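# need a 3D model of the following:
(one chain, ligands or ions: 1)
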Amino acid sequence: MQYYSLNHKAPRVLFKEAVIKGLAPDNGLYFPSEIVSFDDSFFVDILDMSHVEIAFNVIKPYVGDDIPDAVLKDILKDVLDFDFPVVEIKENIYALELYHGPTLAFKDVGARFMARCLGYFNEKNAQKEEVTVLVATSGDTGGAVASGFYEVPGVEVVILYPSGKVSEIQEKQLTTMGKNISAIEVEGTFDDCQAMVKKAFLDGDFKGKRRLTSANSINVARWLPQMFYYFFTYKTLKKHNKEIVFSVPSGNYGNICAGMMAQKMGLPIAHFVTGTNANNTVPHYLKAGDYITKPSVATISNAMDVGAPSNFIRIQEIYNNDITFIRLNLSGYSFTDDETRNVMQYLFKEYNYISDPHGAIGYAALEKYVAARQQEFIGVFLETAHPVKFLDVLPLSLKKEVQIPESIQQILNKKKSAKRIAAYSELKTFLLK
Ligand SMILES: *Cc1c(COP(=O)(O)O)cnc(C)c1O
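Got it, this is the predicted structure:
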């Protein structure tokens, strides 16, 4: 499989190079030159396949020959060694819980897959050139990347996070690993962290000294494995024989865009719904037709505090840049923090379900979509993080109900280690040392 740059000014590359580079040399996102489609028999056979078998069939065409089948299967076995429960909330409404991985975030799958691919490529690389993964996080990405890349040979990881703006658990997850994982605490906002990362990627002074790559969802190895969730859910719900609508709480639009890829591959998905917080660039676009990016504003669903979603350009590519097609497949709604808290309380009171702020937005968006429709279908909202990671913003009634998992308990007792910086020059000195 070849990948082209969405800026169309860089050569096509194979999977391996797209993963190592992250972004194309013309700063465009890589996109697969072909979206493979399955025939009907695949969607019958899927009932007898394990998660690893499904994932292998889905990802194989995009990896091509860059990783041998046996290695790819081993990688997937390792990446997918936890559950993806589809929990019934009420008739025709389900939560797809994606938070049963090692850092309790859906990003675990993409981060682990990318880490293991890079690890494999490095092992095969005769020069044993080190790669440095440089990543900015508003909370959840950091922990998933730290855990996914821990002790991966040949890979150094440097994670930037905004001081005082991630939850205590999230901070511990990314500052207590040690070994090849370094945490940088930035005196500033998430946007400041991201700006520093961008500056580093464009900084010529690293040439020959540090090979930098990104582990954000712009990297195809983090983005594409998210297709698995949609296939797994289809397998689970097929017996009901109803159309499925997915509601995805979105920030950078990598997760929902992977769902749209799955749909293009033939997976029967009737419609997508995107829920956002006050950072409503996409719902506004769907409504008004103009795409206006903005600086992000802080909310209680902080993993979605994104004013300029990096993957939306991939969605436009899937639908030929035609807003009519996009609107046929995607509806969007945005919610305030107060509305989000109310929904969390409602879900607990009515259905005894404890959601996190992101999942609650997914549920709320789904209900808005359902309310405007007559026909019957199954609605699935993605629960993207464990509520324990957002304890400080949960309504009191829920807070006392959340059980702290053993793995988190252990992390809370560890000592934080991070380098504090305020300016790009300090990051540069750190990377060049
Ligand atoms: C990253 C994240 C999201 C947003 O996912 P995108 O792929 O960036 O749209 C939603 N919820 C949680 C908990 C996240 O960590």
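
# how many other residues sit next to Glu151?
Residues contacting Glu151 under the criterion other CB atoms under 10 Å number 11. Just so you know, the C-beta spots here come from the backbone N, C-alpha and C atoms, and that holds for glycine as well.

# and if you look at Met304?
Using other CB under 10 Å: Met304 sits among 25 other residues.

# my guess is it contacts Ser250, does it?
Yes. The criterion here is CB atoms under 8 Å, and Met304 meets it with Ser250 at 6.4 Å.

# can you list residues touching both of those two?
Listed as contacting both Met304 and Ser250 by CB atoms under 8 Å, 6 or more residues apart in numbering are Thr276.

# from Asn277, how far off is the residue most central in space within the chain?
In the chain, the C-alpha nearest the mean C-alpha coordinate belongs to Lys107, at 4.6 Å (CA atoms, centre = their mean). To Asn277, Lys107 is 18 Å away according to CB to CB, to the nearest Å.

# now do Val166
With CB to CB as the criterion, Val166 and Asn277 are 16 Å apart.

# also Ser397?
For Ser397, the distance to Asn277 - CB to CB - is 21 Å.

# now do the strands in this protein.
Assigned by DSSP state E, the chain shows strands spanning 2-5, 13-14, 30-32, 86-90, 93-97, 131-136, 155-162, 181-186, 211-214, 244-249, 271-276, 330-334, 378-383, 419-421.

# nearest to the ligand, of those strands?
strand 244-249 (4.8 Å; CB to the nearest ligand atom).

# related to what we said a few turns ago, contacting residues around the residue nearest to the centre of the chain?
Shown in contact with Lys107 (CB under 8 Å, 6+ apart): Asp140, Thr141, Ala144, Val145, Arg222.

# and for Met49?
Counting by CB under 8 Å, 6+ apart, Met49 touches Asn57, Lys235.

# same check on Phe272?
Val245, Phe246, Ser247, Val248, Ile256, Gly259, Met260, Gln263, Asn329, Leu330, Ser331.

# how about a cut-off of 10 Å?
Phe272 is in contact with 230, 245-248, 250, 256-257, 259-260, 263, 315, 326, 329-332, 369, counting by CB atoms under 10 Å, 6 or more residues apart in numbering.

# returning to what we had before: who's more crowded, Val166 and Asn277?
A direct count of neighbours by other CB under 10 Å for Val166 and Asn277 places Asn277 higher, at 28 against 25.

# these two touch, right, the more buried one and Phe335?
Yes. Counting by CB atoms under 10 Å, Phe335 is a contact partner of Asn277 at 6.3 Å.

# intersection of neighbour lists for those two?
Joint contacts of Asn277 and Phe335 (CB under 10 Å, 6+ apart) are Pro249, Thr299, Ser301, Pro357, Ile361.

# tell me which of the residues you listed fall in helices.
Per DSSP state H, helices hold the following members of those: Pro357, Ile361.

# considering only the shared contacts of Asn277 and Phe335, which also neighbour the ligand?
The subset of the shared contacts of Asn277 and Phe335 within reach of the ligand, counting by CB under 6 Å from any ligand atom, consists of Pro249.

# report the buried members of the shared contacts of Asn277 and Phe335.
Buried subset of those (neighbour count, 16 or more other CB atoms under 10 Å): Pro249, Thr299, Ser301, Pro357, Ile361.

# enumerate every residue touching the first one.
Read that as Pro249. Counting by CB under 10 Å, 6+ apart, Pro249 makes contact with 106, 255-256, 273-277, 301, 303-304, 335, 340, 356-365, 381-385.

# ok, what's across the strand from it?
Gly275 (DSSP bridges).
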